[in-house]
Structure formats: C-alpha cells, structure tokens
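Chemist: After the sequence you'll find the predicted model.
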Amino acid sequence: MSHSIPISTPSTAAPDEKRPVPPALVAVGFVLMAVSFMINAMDRQVFYPLLPEIRAELGISLSQGGLLATGFTLGLALAGIPAGYLVDRYSRKTVLLVSILIYSVGTLATPLAGGFADMGVYRVLSGAGEGMQAAALYAAIGAFFFLRRSLAFGTLGVAFGLGVFVGPLIGTDLSNAYQSWRAPFIAFGIVGLAVMVLIALFVGKRLTDTVAGNADQLKENYDYLPSSAYNRNTIALSIAAAAGGMVFYGFLGLYATYLRSELHFSVGQAAFATSMVGAGATMSLPTGWLGDRFDQRKLLIITYIGVAVSGWLLFNGSSSPGYQYVLSFVMGTFAAGSLFTNVNSAMQRSVRPNHVGRTAGLFIFCYYIAAAISGFVFAELVDAVGWKQAALWQLTILPLLALVALWFIDPAKIITSRNTTRSRSDET
C-alpha cells in the first residue's frame, strides 16, 4: 500500500492552478525563465574581462579585484537558504520577480561605484538577487519536471552558458563603443527589468508553483528517502558543491587577468577565451540527460576528475589562443556543464518532494559561499607561489579531494526513474 507524504504548497496557489498547463504556455514560460537566467549570467560575466580597466580607474589591488570579481557570490550564498524556505512556502513566481528586480538594480548601480567599498556593496546586492532567482528557478523547474529534472536543469544550464558566452563579447563591444566600462552594466540592467515585466505578464503560477511530486508522482512511495533535508547524501553533495564553487569561480574570476597579464592576450582574445567557458556550460544539456539515466555518483566522480585535469592543462600547457580556447571550453563542460547541473539535481533527488525548495537553497548557499572567497584565495595564492602553483592547488588538488565526499553518496537514496518504476511494481 502506498503512503503519500505531506506536501507543502505555496500559500498563494489557487485550485485552478492544479489543472494541466497547456504545452504552449509551458514553452513560453520556460523560455522566458531561461532568458532571465541568461541575463543573470551576462550581468555577472561581463565584469571579468573589464576588471583590468576597473582596477586601473578605481585604484584597487589584484587581491581586491579578485574579491570583487567573485565576492558578489557572497550575496548569492546569503540569499540561498532564506530563498529556499521562501519558495517552499510562498509563490515562486513572486520570489522570482523580486529577485530579478534586485539583481537588475544592483547591476544598474555598479557604474556609480567610486571605489572598492561601494563597488563591493553593489556586487553583493546583485548577487543576492541572483541567489534568490536561482533558488526560485531551480525549485520551480525541479518541481514541474520532477523525474527529468537533470535534463530540465541542463536546459537552464544552456541558457546560462549562452549568457556566459555572449556576456563578455557584448559587454566589451559596448565598453569599446562608449569608451567606458560602465556602459554594459547599464544596458544589461535595463534588459533585466524588461524581462521581469515579460515574466510578470506571460508566466503563470501553474508553471512556477507546481507542487513537487504532483499528480501521478504522488502515487509514488518516498519512504525510502530520509525524512530530513539534511542527510548523508545532501551533506556529501554540499561539500562537493562548495569545492566546485571554490574551483570554478576562482578560475573564472582571474582567468581573463591571467591571459592578459601573463600570456599578453588582447582584450578581445581574453573575452573570447572567457566566453568559451560559457560555450562549455551549454553542454549541461547532454550531461543533464546522462544524469537522468545513469548513476549520478559515478558521473560526478568522472566530472571532478575532468575538472582537475582541465585546470592543470590550462595553466601548464600551450599559451596559444587556440589551445586556451579549447581548454576553457573543456573546463566549462566539466565545471559548469556537468558539475553544477548534476550536483544540484542529485541534491534535490536525495530528499522527499516537500523539501525541494529547501534543498535548492542549500545548494546555492554551499556553492556560492565558497565561490565568494575563491577569487581572493586564488589571488593570494598567485602572489605567494605564482600562477601555475596556485592553479595546481586550487584547480587540481581541490577537486580531487572532493572525490572523498562523493565516495560517501548512497545511490539507492536518490530518486530516479528506476526507483519509481520499482515502487509501482511493488505496489502491484
């Protein structure tokens, strides 16, 4: 006999929101939410290739620049867990709209900065909005595409990757055209507000506020999962997420600076190399598909090894632009395409459906609290031991150490299509 678990619904949900959502509305709503995530990526990514100009004008050190480059993720981290609770209790659409407003205002305020301190405040503000948005998006999409959430997360990852790819290119073009690093922040902030209005008008709560495990999925028995959102799997994956944030954002925050200061790349070449990381992030679609069909623990072990090898080759291989473009794509594939997508979805699959929002917030917190200090740590390592040794410790050894946490994951305590199929067979 099947026993369904109690599910907490957003308090604003109306009875008619339980009706099936027409495919056309799902497509329009999903595209708009994905575009909002792409703008999120463009906002944060444009900072990196412009960092040398920002440092020169504001008179800040490399360590301060590294902290600004990745310090916005402190806002992401601090917003993660509160946002996770909010989206489990209130309308995810409302949280989503407020989050886009916050990060767009933070982006628009960035050009007002006159020094390190106020720039840091604006960066943290935009990061807080981005953290709320990520928690709301992943909770909404994870609930609506319950059993295929890795593939759905992969599609969001493609949108994010496109933002990472085009953000530096468009941003540097705008900066060159207006002879100011401030121009792209103004443009991206305005676009973010426009997308917020479109979501308010055209994305319904039947898409954003679907109950996790609704409809046929409520027939499943999730008693084999721990009752708490904080269990063996989520703790192990939280550690792996923190390592991933430290690696990826440490690399992302100072990679363009390394290319320009050590390898003497032009602004355009550095921007394109950084953009190739975003192109790699679009591989989240096939890696998400793999995560839906195969043992995610094994997939993540391969992923972290791939990150470690890529990190070493980037700073110990050829200095030619072509080589750097290819390796930055490979790093993006493993660190953004597979790691972010599959750690995130595996954490949600390790809890009962009524904890989806809380777990989304936990992932955001762990990943981005480490990311917040990653640029500063990487810069300090560079000052102490040089670029190659710094990359060895933070980009190669650290992801290999994360394999220890991954080893403790119990695949039997992760929701998969095989688990639900077995549950139905047991009931019959």
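Modeler: Nice, thanks for sending it over. Residues are numbered from 1 along each chain as shown.
Chemist: what comes up buried for whichever helix or strand residue 254 is part of?
Modeler: Secondary structure from DSSP states H and E places residue 254 in helix 232-261. Of the residues in helix 232-261, 233-260 count as buried by neighbour count, 16 or more other CB atoms under 10 Å. C-beta: built from backbone N, CA, C; applies to glycine.
Chemist: elements contacting it?
Modeler: Counting by 3 or more CB pairs under 8 Å, 6 or more residues apart in numbering; DSSP states H and E, the packing neighbours recorded for helix 232-261 are helix 47-58, helix 62-71, helix 267-281, helix 296-316, helix 321-332, helix 341-349, helix 356-385, helix 398-407.
Chemist: how much space between residue 364 and residue 117?
Modeler: 25 Å (CB to CB, to the nearest Å).
Chemist: before we move on, what about residue 109?
Modeler: Distance, residue 109 to residue 117, using CB to CB: 13 Å.
Chemist: Comparing these two, which residue is more hemmed in?
Modeler: Neighbour totals were compared for residue 109 and residue 117, and residue 109 leads with 18 against 9 (other CB atoms under 10 Å).
Chemist: Touching, the more buried one and residue 123? I think so.
Modeler: No - with contacts counted by CB atoms under 8 Å, residue 109 stays clear of residue 123, the gap being 9.5 Å.
Chemist: low pLDDT regions in this protein?
Modeler: 1-21, 70, 146-147, 149, 210-222, 416-428 (pLDDT under 70).
Chemist: for the spatially most central residue of it, what are its contacts?
Modeler: Nearest to the mean C-alpha position of the chain, by CA atoms, centre = their mean, lies residue 340 at 6.1 Å. Counting by CB atoms under 8 Å, 6 or more residues apart in numbering, residue 340 makes contact with 157, 244, 248, 281, 284, 367.
Chemist: Kindly indicate which of those residues lies nearest residue 326.
Modeler: Proximity of the contacts of residue 340 to residue 326 (CB to CB) peaks at residue 281, which lies at 15.0 Å.
Chemist: what number of residues lie near the closest one?
Modeler: Neighbourhood size, residue 281 [other CB under 10 Å]: 31.
Chemist: Quick check, it in contact with residue 160.
Modeler: Yes - counting by CB under 8 Å, residue 160 is a contact partner of residue 281 at 6.0 Å.
Chemist: Mutual contacts of these two, please.
Modeler: Between them, residue 281 and residue 160 share the contacting residues residue 336, judged by CB under 8 Å, 6+ apart.
Chemist: Around the closest residue to residue 195 other than its chain neighbours, how many other residues sit close by?
Modeler: If the residues on either side of it in the chain are set aside, residue 195 comes closest to residue 36, at 4.9 Å by CB to CB, 6 or more residues apart in numbering. The burial count assigned to residue 36 is 26, neighbours taken as other CB under 10 Å.
Chemist: In contact with residue 36, which residues?
Modeler: If a contact means CB under 8 Å, 6+ apart, then residue 36 has 96, 100, 133, 137, 192, 195, 196, 199 as its contacts.
Chemist: Please consider this matter closed, and thank you.
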